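**Student:** Quick check, what structure comes out for this input:
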Amino acid sequence: MLSETKNIIRKITKGTALVSFVFIILISALLIINYIQLKSVSPIENNRVEKLIGKLSQNPNDEELKQQIRSVDLMTRKAFFTSEWQLDIGSYFLLVAVILLIASVLIYNSLKFEVTKPEAPTTRIDFWMKRSNERIWILSLTMIIVAFVVVLLFLSKNSYTDFNTEKDGLSANEYSNTNDVKDQNIQIQEILKKADNSLVNSIESITDVYPADADEKDFPDDNSILSNYPSFRGPFGLGVSNQQKLPTEWDGVSGKNIVWKTAVPLPGYNSPVVWGNYIFLSGATAQKREVYCFNRKNGKLIWSRPVENIKGSPAAAPKVTDAGYSASTLTTDGKRVFAIFANGDLICFDFEGKQLWAKNLGVPDNHYGHASSLNFFHNLLIVQYDQNKTRNLLALSTHTGNVRWNTTRPGHISWASPIIVKNGNQYEIIVNNEPYVASYDPETGNELWKVDCLSGEIGPSPAYADGVVFAVNTYAKLTAVKAGNPPKIIWENEDFLSDVSSPVAWKDYLIVTTSAGEVACYNTKDGTLFWSNEFDIGFYASPIIANGKIYMMNRNGVMHIMKTDKKFSLVGVPKIGEKSDCTPAFANGQIYIRGQKNLYCVGNK
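**Tutor:** Sure, this is the predicted structure:
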């Protein structure tokens, strides 16, 4: 009989072989199904696109139909690439299972019997030991199935090579497909270009660079910026406010500490910006776009201005999904307010509501919709205009709208927003887009440095504190980069990763929130996790640090207020009573929150 040790090993290898065999059958079945699916979603056999193109030939000025063609073509190719990726992963699993099966059988057969004096006769027969022929058949059947699946994988691999996925925001080193698919994409793009020359008249055609005029030197100093809330996430876009004596308790239903509440005419995901006694928002639908100015003291609407009759603006709004038509937060320099919309319209008003200038930057080639917020540096309006085809960082005159510089950046599309930092004596514009977090000179647009550390569809903007930039995205890493030339990665972490909300850094504390409801506080110096907590509802709004506390509002409009400390300490959970994905603004000892329908002013009464 077998020795006890060998008997145990034989049982383990027998079990491993059986599990491997079942796993191989399951994976093979899934790969066959996925192969069939891959063939069914082939972009080069997309009858729906062909039918839409046929309709477009009859009505070449139908902007909505053009966007529909792009959306259908993009979704089909994404489904194609997803199936191809699944085939790749499945083939690796299949290979591992085959190796385990063969190894288990070989080990099992290599363990010979050791003949010893039997203690007692037995009539029990080991089915697995006595069925050598069956084992041969099982192994042979497995090899036949594997061979069949390998042939399918080979055929699928031969159906795609070298597709230019960069046009659609997909990583070219992640996917490949057929020259036929590439040709199909080129044909579709050529048809669309012929149907609408305004698509060619995009960012490149409006970026003639003009010198600054002498009367453009008036702009607010840093102290004025810090005492207001002029951009997305506050002064310089950093998510830190110097406001004091802020409320920690309120209730939108009962009216507790609600100073005022006013309806916002049109929807939008942009956040309030505040300068002096003025609050600015925008709203939009597919049919119209508007900019609003509210009185900070009583919430009354001072003026509302339509955004229309802009040269180059498309007749119909582009198709958007998650971002909507007015996701980008405005910015103001204390004399002018600037707004941008999903169709590429960029407009400037003075504080009295007079339009100073406007232009269209070209319809964004963006499958979710343009969402990057505006910022400004001195007399320059900073626009991060990332598309599937091009990634541009622009500086326009705040006075005239003329382009001062235009930098085309490497990488892929993003939905993040620029921040302005002062690193020593050098001002820098920091931006995120796959795969880089990068720095640019705000005076010239020249690249100062960049680090390859991001992947995926980038939504979070960078954070900054004490010379260190923090970049994060889900399915990537949280990376701390010492700014400089050259830059240096000082630590990384993969535990808690934002996908929509932006992180915020202040002194020793880095706060990260996620759409799953997770919150983490890290040490900015070395990445040590101070604490983490998980809430029931996720966060789209970005956290803000003010008055030594962290303000984080979840998607239900409930604010979670915590102490900025090395230990988790919840101060309060006040709520406005309606859902919100907008980041609050802080000014004059009050908090301004945009809900789905209303704008709230919260203050200590």
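
**Student:** Please enumerate the helices of the protein.
**Tutor:** Ranges of helices in the chain, per DSSP state H, are 4-40, 47-58, 63-110, 127-130, 132-157, 179-195, 222-226.

**Student:** Which of these comes out lowest on mean pLDDT?
**Tutor:** For these, mean pLDDT drops lowest on helix 127-130, to a mean of 46.

**Student:** distance of residue 418 from residue 392?
**Tutor:** Residue 418 sits 12 Å away from residue 392, going by C-beta to C-beta, to the nearest Å. Just so you know, the C-beta spots here come from the backbone N, C-alpha and C atoms, and that holds for glycine as well.

**Student:** Give me the more crowded residue out of those two.
**Tutor:** Neighbour tally, residue 418 and residue 392, criterion other C-beta atoms under 10 Å: the higher count belongs to residue 418, 26 against 20.

**Student:** I figured residue 444 hits residue 405, correct?
**Tutor:** Yes: under the criterion of C-beta atoms under 8 Å, residue 444 makes contact with residue 405 at 6.1 Å.

**Student:** more neighbours, those two?
**Tutor:** In this view residue 444 and residue 405 are compared by other C-beta under 10 Å, and residue 405 has more residues nearby, 18 against 12.

**Student:** OK, contacts around the closest residue to residue 535 other than its chain neighbours?
**Tutor:** Of all residues not flanking residue 535 in the chain, residue 517 sits nearest, at 4.2 Å (C-beta to C-beta, 6 or more residues apart in numbering). Residue 517 makes contact with 534-539, 554, according to C-beta atoms under 8 Å, 6 or more residues apart in numbering.

**Student:** do that again at 6 Å, thanks
**Tutor:** The contact partners of residue 517, taken as C-beta atoms under 6 Å, 6 or more residues apart in numbering, are 534-538.

**Student:** got the contact list for residue 286?
**Tutor:** So residue 286 contacts residue 317 (C-beta under 6 Å, 6+ apart).

**Student:** ok, so what distance separates it from residue 341?
**Tutor:** From residue 286 to residue 341 the distance is 11 Å (C-beta to C-beta).

**Student:** burial count for the residue nearest to residue 434 when sequence neighbours are not counted?
**Tutor:** In space, and not counting its chain neighbours, residue 434 is closest to residue 412: 4.3 Å by C-beta to C-beta, 6+ apart. Residue 412 has 25 neighbours, counted by other C-beta under 10 Å.

**Student:** Surely residue 412 touches residue 432?
**Tutor:** No: counting by C-beta atoms under 6 Å, residue 432 is not a contact partner of residue 412; they are 11.0 Å apart.

**Student:** residue contacts, residue 253?
**Tutor:** Residue 253 touches residue 577, counting by C-beta under 6 Å, 6+ apart.

**Student:** any idea how far it lies from residue 574?
**Tutor:** On the measure of C-beta to C-beta, residue 253 and residue 574 end up 11 Å apart.

**Student:** what does residue 307 give?
**Tutor:** For residue 307, the distance to residue 574 - C-beta to C-beta - is 34 Å.

**Student:** what about residue 528, neighbour count?
**Tutor:** Residue 528: 13 neighbours (other C-beta under 10 Å).

**Student:** Could you check how far it is from residue 577?
**Tutor:** Using C-beta to C-beta, residue 528 is found at 38 Å from residue 577.

**Student:** mind showing which ranges of the stretch 151-300 of the chain have poor pLDDT?
**Tutor:** Along the stretch 151-300 of the chain, the parts satisfying pLDDT under 70 run over 151-216.

**Student:** switch the cut-off to 50
**Tutor:** Confidence mapping of the stretch 151-300 of the chain against pLDDT under 50 gives the ranges 157-183, 192-193, 195-202, 204.

**Student:** where exactly do the strands run in it?
**Tutor:** 240-241, 258-263, 273-275, 278-284, 289-295 (DSSP state E, counting those that start in this stretch).

**Student:** Compare the ones you listed and give me the one nearest residue 337.
**Tutor:** strand 278-284 (4.9 Å; C-beta to C-beta).

**Student:** May I have the strands that pair with that closest one, each with its orientation?
**Tutor:** Note on strand 278-284: by DSSP bridges, its sheet partners are strand 273-275 (antiparallel), strand 289-295 (antiparallel).

**Student:** Nearest to residue 495, out of those strands?
**Tutor:** Closest among the strands paired with strand 278-284, using C-beta to C-beta: strand 273-275, at 33.0 Å.
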